[in-house]
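*Asks:* this one's sequence-less:
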């Protein structure tokens, strides 16, 4: 059997994806996905723009794709075989859902006649991610009606466009397939996908003057294009202080950093009170900054094409505009003294000890524009409080659902998109969760330093009320893993360095290797709480 | 704040679960789950019948719980924190869905006012597993209306009963919780859960005589109580050959084993044709046996309390009865010669070479009633073709969705239920997928031998048509991982043994250790196909 229809329709699917801007495909092996995988490999061989990655663990593969998508801001395809393999993508899909990342799951499936009837590797895959996907499609690649091919061409382009714009986020394309599954690899018929192009005319906005004179900008996490240059001009021209989240891609030494620690230390007194805060982007890493705005009843406008998200329910105006457009169409006349007051906060001495010293040294020494991926829990809080952004603004994290799963693979996905040396900073618990992600580092010899803060367990819990229950704390929350990082490095053939002090990072990073490397800093959960309480001196609340 | 309501309602939830037969709780640490985790740990301290396991990786935890539930045939609780942590259970839930295992996910959630608003670690968790769960409940543990407590008591008992009977399978109980989350660990108020007991009067069935005289029983995978003794009596009394799946818990040297290989070798000729096949349980491991029944148009009755599942759509009668009740209420008068003909198939010489020799030696030497967990793909096929069941019928596998994910953890869950030494047989690819599952082996020093058939990749694909595409085969299907098993053993502090021949298993297993152990057999994917083709000689189709 030549499988002509399957071969042609699969090629149309792949070409339509490529035409819609998909260049990255992460494939996890399986039987049901055979025709797509083979034709994709053939397509990648003839078209060098296509990047094909093979990741055998679907959970890791999902996050690897997520890492590419969030770094490149382009849609990424995951191809998997039927059954639990598809379900393993769910956690990455969930993160993509919350953080609006265009992740496209091609879920190959058993055909209709094998559904609900005890057939092996068969699950109800149709819309299996439920509300976690923004869009759902299903194609019968073996249907030889000419409408099928045209439908594939059209719907792929339409939906991938939507996944990048108004329905930004993950989607599932379910593909029920009957045996025989072998495509015709000798077919040479040229594939022409009728193009569907989208045009969004550039809007113009009248310039508006803000009458408030104590305006502050809060630049939240931003997965999109950087608007740092325009923000910087705006801030200088109108004396507007900018509190920049470490994930804003806009933090520089001129922006205020570490608002969480400043608020915790009681340093943001009434004198600092803004009469308007303009908030850009997603939910800030700092939980205290939203509490402060709400409790002090400071007016907040949220500016974002998806504005209106605020779990403190305090924003009063949701302005559906990009930060770039907003900055280009507004003027302010802030007081210079107000600006200077805020800027002085950056001069407050930090008493940096223990693992918190790692962001400090990174800030001093990483190569310019180094992509840094930051794990959740302690790592992201320390980076937000301590990293000034003097060297790089390319900071990424999974700050949608904030899981400690999938972090290693997401960072590897990030690293795979650039030849530049990247860095991941993570705790040992997060590393363990997705240790399988290290397989991709080894397999593709990704140029990344994996900096593990090894405090043998869950350090964040020591800051929560349960820390006062010694009877149960280590059992339920501390959860020491006793994972020997040297053995982890051996398993994945990673060069391995132990830092005896955070300041040694400089020497270690200066000594570049070609591929992945594991750098370990031994920390201590007991000391860590005290280290953080002393960060900004005796003003601690 | 004493959190009296939260404390009381949480205790009712836990007591109602216990009263409904839940004794095993697998907890993955987190913040949102704090009150449940603490009160559960306190409950376990005062009640030794409660088994509490801590597994930090939720994907592993889900399968660990599945392993306990499938071995003990009792419902098992998974407790997780909000966000992707819950989604990580999805693959285990999917397997439980297909194989009807009562797995109860307690998903702690953010409260209503934090939903859909950019709050961290917040996902649409309500019915997040969609069709993969059979039941869904949501409790507000912080609601002090007296009806709430009574509702929890009643619904938990009602639903857990259903999860064990007519709605057998996984369920989700979503628990939105507001801060403060600390329960009152000093509360001593006694908890009384109003009992709801279920009574299913024992049915009586009139004895029926089957008029067919060439009846064959096909005992498929069975996760329930063993009916082996009654089946054996029936088979002997009425000269009924029994083809027993390796997962039937009914395979003994008196039953026919390896039907797949026998059919493949063309040995099941017209002389063997039954005039009725009575099929028990789930979809057999052998794909060929259902094809044979369908293609030869042999009448098949499916006997099961959930009868009616057959992806070959060939069964004509679905008899809603347990195999035990069916066997106790039917008589047959088969020809002895027909029985003897079938039995002779067991005497056919097998030419067992390569990795297929492992099931052969296991069969000879494992201790009586050893629980054996079998990975999917090659391992289960070899066990089905070669293991005669002379030593143990306690064979388990994830044969609902047949995933290669989660196998290690499921096996560890199985091992945790007994002090008896268990065994897992798995390939290297399956081991890698859920390598994190080894953490539970180390942490709880589970008495299990982990036998890894290391053929460096996906051996099953060599039997499929894509094996003929050398250009893409290793890249997409063979996927060698080059995982050094000695280093895996070192990472998890496992004693490590390499077999130079399958026959060495005897010496190795005789030398028992106390905790987990890794035993590696180096295989070769190229030789493996030929080894299997020669299994039953030159009759190969």
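*Replies:* All right, it came through fine. All of these numbers come straight from a predicted model, not from anything done at the bench. Numbers count the residues shown, from 1 in each chain, chains lettered A, B, ... in the order given.

*Asks:* my reading is that residue A:271 lies in a helix. Confirm?
*Replies:* Yes: per DSSP: H, G, I helix; E, B strand; the rest coil, residue A:271 lies within a helix segment.

*Asks:* how close does it get to residue B:400?
*Replies:* 64 Å (CB to CB, to the nearest Å). Where you see a C-beta, it was placed from the backbone N, CA and C, and this is true even at glycine.

*Asks:* again, but for residue A:391
*Replies:* 51 Å.

*Asks:* who's more crowded, those two?
*Replies:* residue B:400 (28 against 18; other CB atoms under 10 Å in any protein chain shown).

*Asks:* A strand includes the more buried one, no?
*Replies:* No: under three-state DSSP, residue B:400 falls outside any strand and is assigned coil.

*Asks:* right, and it touches residue B:95 too?
*Replies:* Yes: using CB atoms under 8 Å, residue B:400 is in contact with residue B:95, at 4.9 Å.

*Asks:* now for these two: what residues contact both?
*Replies:* residue B:101 (CB atoms under 8 Å, 6 or more residues apart in numbering or on different chains).

*Asks:* run the chain-centre distance for the longest helix anywhere in chain A.
*Replies:* Longest helix of chain A, by residue count under DSSP state H: helix A:146-164. How far helix A:146-164 lies from its chain's middle: 26 Å, per CA atoms, centre = their mean, to the nearest Å.

*Asks:* how confident was the prediction at residue A:537?
*Replies:* Per-residue confidence (pLDDT) for residue A:537: 72.

*Asks:* and what of residue A:446?
*Replies:* pLDDT, residue A:446: 98.

*Asks:* next up, the contacts around residue A:113.
*Replies:* Residue A:113 touches B:311, B:313, counting by CB under 8 Å, 6+ apart.

*Asks:* how many residues are close by residue A:308?
*Replies:* By other CB under 10 Å, neighbour count at residue A:308 equals 13.

*Asks:* give me every residue that touches it.
*Replies:* A:302, A:315, A:318.

*Asks:* my read: the first one touches residue A:310, true?
*Replies:* Okay, so that is residue A:302. Yes: with contact defined as CB under 8 Å, residue A:302 counts as touching residue A:310 (6.2 Å).

*Asks:* more neighbours: those two, which one.
*Replies:* residue A:302 (24 against 20).

*Asks:* does the nearest residue to residue A:268 once chain neighbours are set aside sit in a helix or strand, and which one?
*Replies:* Closest residue to residue A:268 apart from its sequence neighbours, by CB to CB, 6 or more residues apart in numbering or on different chains: residue A:262 at 5.5 Å. Assigned by DSSP states H and E, residue A:262 belongs to helix A:259-264.

*Asks:* and residue A:302, by the same measure?
*Replies:* strand A:300-303.

*Asks:* for the very next helix or strand once past that strand, packing partners?
*Replies:* Sequence order places strand A:317-319 as the next helix or strand after strand A:300-303, per DSSP H and E. Counting contacts by 3 or more CB pairs under 8 Å, 6 or more residues apart in numbering or on different chains; DSSP states H and E, strand A:317-319 is packed against strand A:300-303.

*Asks:* the strand it packs on vs chain B: in contact?
*Replies:* No: residues of strand A:300-303 contacting chain B under CB under 8 Å from any CB of the partner chain: none, with a closest distance of 9.5 Å.

*Asks:* okay, now the sheet partners of that strand, with direction.
*Replies:* Strand pairing for strand A:300-303, determined by DSSP bridges: strand A:276-280 (parallel), strand A:317-319 (parallel).

*Asks:* what sits up against the first one?
*Replies:* When you say that, I think you mean strand A:276-280. With CB under 8 Å, 6+ apart, strand A:276-280 has contacts from A:210, A:212, A:214-220, A:222, A:227, A:248, A:293, A:298-304, A:310, A:315, A:323, A:326.
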